[in-house]
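J.: fold the following, please.
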Amino acid sequence: MKELKQIVIDDILERINSSPFLIVTNYAGMTVPQFENLRDQLKATGARFSVAKNTFVKRAASSAEYPEGIAEFLTGQSAFVTGEEDVCAAAKTLKAFAKTTAGRPGIRGAVLDGVLLSEAQVIALADLPSKEVLQSQFLGLLNTPAQNLVRILNEPASALARVLQAKADQG
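T.: Coordinates of the predicted model:
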């Protein structure tokens, strides 16, 4: 029996190590269809929604050298979300799903790149624009100085063309 427990802990540890984040939720009161629906939605974002015994997750988290505060989140009926992609997309999905299901699952907290996050911080991540939007905003910021430079370089020629056009219009 001890070997089976170790296999489960090793599986959880493998998922934790391959994921830059771990979000802990309270799934109490969720129905099986709701749970499956949430799993499907999270899978579409590249995340995985799992349930395991809290002591197993605590052991795996301590093996992964997570902050000790993660144990505070692992009480009662806990489920955890891991993924290899965008933590914001997973947090958005959890937040949106909770709005439609009377606050279930409740976000308890998270670990992102080894840093412990509170529920409010996870919700703040969910409120961020998508990765693609942030990338396009960043590229827009990078492109702005180049546009201004081109506009400044073209201005003398444009001014000369306007003066010539005004003279031509006068006669």
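
J.: any idea how the protein splits into domains?
T.: Structurally, the chain divides into domains by automatic domain parsing as follows: 2-128, 129-171.

J.: just put those in a markdown table and tack on mean neighbour count.
T.: The C-beta positions use only the backbone N, C-alpha and C, and glycine is treated the same way. Below are the domains of the chain laid out as a markdown table (neighbours: other C-beta atoms under 10 Å):
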| stretch | mean neighbour count |
| --- | --- |
| domain 2-128 | 17 |
| domain 129-171 | 10 |
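
J.: just put those domains in JSON lines and tack on mean pLDDT.
T.: Formatted as JSON lines, the domains of the chain follow (pLDDT from 0 to 100):
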{"stretch": "domain 2-128", "mean pLDDT": "89"}
{"stretch": "domain 129-171", "mean pLDDT": "80"}
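
J.: do a quick rundown of the helices in the protein.
T.: Here the chain has its helices, by DSSP state H, at 2-17, 32-44, 54-63, 70-73, 87-100, 119-127, 131-170.

J.: quick one, the third one and helix 2-17 angle?
T.: It refers to helix 54-63. Relative orientation of helix 54-63 versus helix 2-17 (axes from the mean of the first three to the mean of the last three C-alpha atoms, to 10 degrees): 60 degrees.

J.: on contacts alone, who are the packing partners of helix 54-63?
T.: Packed against helix 54-63 by the contact rule (3 or more C-beta pairs under 8 Å, 6 or more residues apart in numbering; DSSP states H and E) you find helix 2-17, helix 70-73, strand 78-83.

J.: any chance of those in CSV, with distance to V122 too?
T.: Shown next, in CSV, are those (distance: least, C-beta to C-beta, whole Å):
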stretch, distance to V122
helix 2-17, 17
helix 70-73, 10
strand 78-83, 10
